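Novice: Got a predicted model here, sequence first, then my questions.
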Amino acid sequence: MTGYVVFAHGSSVESANEAVRVVTAQLRERGGFEFVEAAFLEAGRPDLREAVELLRGRGVESVVVIPYFLTLGLHLQRDLPRLIREIENSHPGLRIGVTPPLDGHPAMIEALLDRAQESCKQN
């Protein structure tokens with residue numbers, strides 16, 4: 001079985017973390033995925049290790065991390081690979097993959113166009 005982790009930066013503003021949890025729940029529901037958890041790099045819970053532990057406890061054998069980041073910045077280039085190595089070392093046989101960040105996805109320009117068009121209607 002495969003589980004999915006929506007991996008975000010995390011914020012000291014809890015409503016920002018809750019917004020990530022809502023998106024994660026929508027992914028679970030709309031995608032029909034049974035095993036989906038949110039995880040945070042900083043200032044939010046669960047962290048990546050805790051999210052993977054939750055999934056492992058439900059029988060998941062592989063995990064796909066979906067970064068909720070716009071670009072491939074320092075956290076995705078340095079911190080995420082380190083966290084994954086640590087988790088894999090403590091869970092022999094667990095496979096963890098990572099999708100690209102949101103940058104470059106065709107839906108991003110659609111979202112920007114939508115925001116720009118909304119602003120035109122308000123002015």
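Specialist: Done, it's in.

Novice: element containing residue 96?
Specialist: strand 95-98 (DSSP states H and E).

Novice: Residue 97: neighbour count?
Specialist: 11 (other C-beta atoms under 10 Å). Glycine gets a C-beta too; all of them are placed from N, C-alpha and C.

Novice: I'd assumed residue 66 was in contact with it.
Specialist: No. The pair residue 97 / residue 66 is not scored as a contact, 9.7 Å apart, by C-beta atoms under 8 Å.

Novice: hang on, residue 5 is in a strand, isn't it?
Specialist: Yes. Assessed by DSSP: H, G, I helix; E, B strand; the rest coil, residue 5 belongs to a strand.

Novice: check contacts around it.
Specialist: Counting by C-beta atoms under 8 Å, 6 or more residues apart in numbering, residue 5 touches 36, 37, 38, 39, 48, 51, 52, 55, 63, 64, 65, 66.

Novice: Would you show me how to pick out the buried ones of the residues you listed in ChimeraX?
Specialist: Applied in ChimeraX, the following selects the buried portion of the contacts of residue 5 according to 16 or more other C-beta atoms under 10 Å:
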select :36,37,38,39,48,51,52,55,63,64,65,66
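
Novice: Return the subset of the contacts of residue 5 lying in strands.
Specialist: 36, 37, 38, 39, 63, 64, 65, 66 (DSSP state E).

Novice: could those residues be laid out in a markdown table, adding pLDDT and distance to residue 107?
Specialist: Below are the ones in strands among the contacts of residue 5 laid out as a markdown table (pLDDT from 0 to 100; distance: C-beta to C-beta, whole Å):
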| residue | pLDDT | distance to residue 107 |
| --- | --- | --- |
| 36 | 98 | 19 |
| 37 | 98 | 22 |
| 38 | 98 | 20 |
| 39 | 98 | 22 |
| 63 | 98 | 23 |
| 64 | 98 | 18 |
| 65 | 98 | 19 |
| 66 | 98 | 13 |
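
Novice: Count the residues that sit near residue 84.
Specialist: 19.

Novice: Report whether the expected contact of it with residue 65 is present.
Specialist: Yes. Residue 84 is within contact range of residue 65, at 7.3 Å (criterion: C-beta under 8 Å).
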